[in-house]
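>>> predicted model and sequence follow; I will ask about them next.
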Amino acid sequence: MGRHRLAERRRSRRSAVVGAVVIPAATILIAGADTVPTFNPEVRCCAEVKPAAAVAPPVAKPAPAPLPPADARAARRDIRVPLPVGKAPEKGLQVETILAARAVSAAFPEILTIGGVRSDPLKWHPHGLAIDVMIPHYATPEGKALGERIVAYVLDNADRFGVNHIIFRQTLYRHDGSKKRMSDRGGDTANHYDHVHIATNGGGYPTGHETYLR
C-alpha cells in the first residue's frame with residue numbers, strides 16, 4: 001500500500017510539471033496568434049499596371065475634288081443648250097444639215113442668209129444634204145476672213161456635223177481637212193466666192209422629235 005501511494009504521488013508531480021510547461025507554451029502560441037503575419041494569396045506584392053486603352057489614329061478626310069475651271073463648266077452647259085432655228089429654211093433638209101445650219105447661224109450672227117434645198121444637177125441640194133452660207137461683202141478682206149473662219153469652224157466640227165465636203169473660193173475641203181483647187185466655172189457664185197457651200201452625209205430626214213444641241 002505504501003509503495004503504491006508513493007508511486008502515485010511521483011506521477012502527480014511529473015504531470016503537474018509537464019502541465020506547467022505545456023500550458024505556458026500554449027498560452028504563448030495563443031497570445032502571439034495576433035502578431036504572426038498570415039499569407040493572403042489575393043494580395044499582390046506590386047501595383048498592378050493596366051495597359052492603356054488603344055487610341056485609334058485620326059482618319060484623314062479626303063480633300064474635296066477641285067471644281068473644273070469656269071470655262072469648262074460653261075462649255076458643259078453649252079452642250080446641253082438646244083440650238084434655235086437658224087437662217088436656213090429647214091424644209092427638205094436632213095438632220096445633219098439642219099444641225100450644221102443652226103450651229104453656223106448661232107456661231108456667226110453676222111450671217112443673214114443661208115440657202116437650203118434647191119434644184120441642181122448634183123444630189124447635194126435637192127436631197128437636203130447641203131447649204132450655202134452667203135458671205136456679206138465677200139469681195140473685201142473682211143468678207144474673205146469671215147468665210148475662212150466659217151470653213152475652219154465647220155472642219156473643227158466635221159464629225160459632229162457629218163461633213164462630207166466644203167467649198168469656198170474655188171477650193172474644195174474634205175472631211176479630213178485636205179483640200180484641192182477646183183477648175184474655173186466662170187463666175188463668183190459658180191466658183192463659190194460669195195458663199196461657203198457645206199455638204200453633209202445627211203443622217204436621214206427629221207421626224208419632228210429631234211433636239212439640236214450646241
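Ah, there it is.
>>> tell me the SS of residue 199?
Per DSSP: H, G, I helix; E, B strand; the rest coil, the secondary structure class of residue 199 is strand.
>>> so, low pLDDT: which residues of this protein?
The model of the chain has pLDDT under 70 over residues 1-80.
>>> all helices for it, in order.
Under the criterion DSSP state H, the chain contains helices at 2-31, 70-79, 95-107, 141-156, 158-161.
>>> for the last one, output the C-alpha coordinates as PDB.
Right, the one you point to is helix 158-161. Extracted C-alpha coordinates of helix 158-161, given in PDB (Å, rounded to 0.1, in the frame of the first residue of the first chain):
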ATOM      1  CA  ALA A 158     -16.700  67.800-139.100                       C
ATOM      2  CA  ASP A 159     -17.500  64.600-137.200                       C
ATOM      3  CA  ARG A 160     -20.400  66.200-135.300                       C
ATOM      4  CA  PHE A 161     -22.000  67.700-138.400                       C
END
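>>> check which helices and strands that helix is in contact with.
helix 95-107 (3 or more Cβ pairs under 8 Å, 6 or more residues apart in numbering; DSSP states H and E). The C-beta positions use only the backbone N, C-alpha and C, and glycine is treated the same way.
>>> okay, buried residues for stretch 156-168 please.
157-158, 161-168 (16 or more other Cβ atoms under 10 Å).
>>> among the residues you listed, which two are most distant?
Pairwise distances across those peak at 18.6 Å for 162 and 168 (criterion: Cβ to Cβ).
>>> the nearest residue to residue 100 once chain neighbours are set aside and residue 121, how far apart?
Of all residues not flanking residue 100 in the chain, residue 161 sits nearest, at 4.2 Å (Cβ to Cβ, 6 or more residues apart in numbering). Separation of residue 161 from residue 121 (Cβ to Cβ, to the nearest Å): 24 Å.
>>> same check, this time on residue 98
Taking Cβ to Cβ, one finds residue 98 at 23 Å from residue 121.
>>> more neighbours: those two, which one.
residue 98 (25 against 6; other Cβ atoms under 10 Å).
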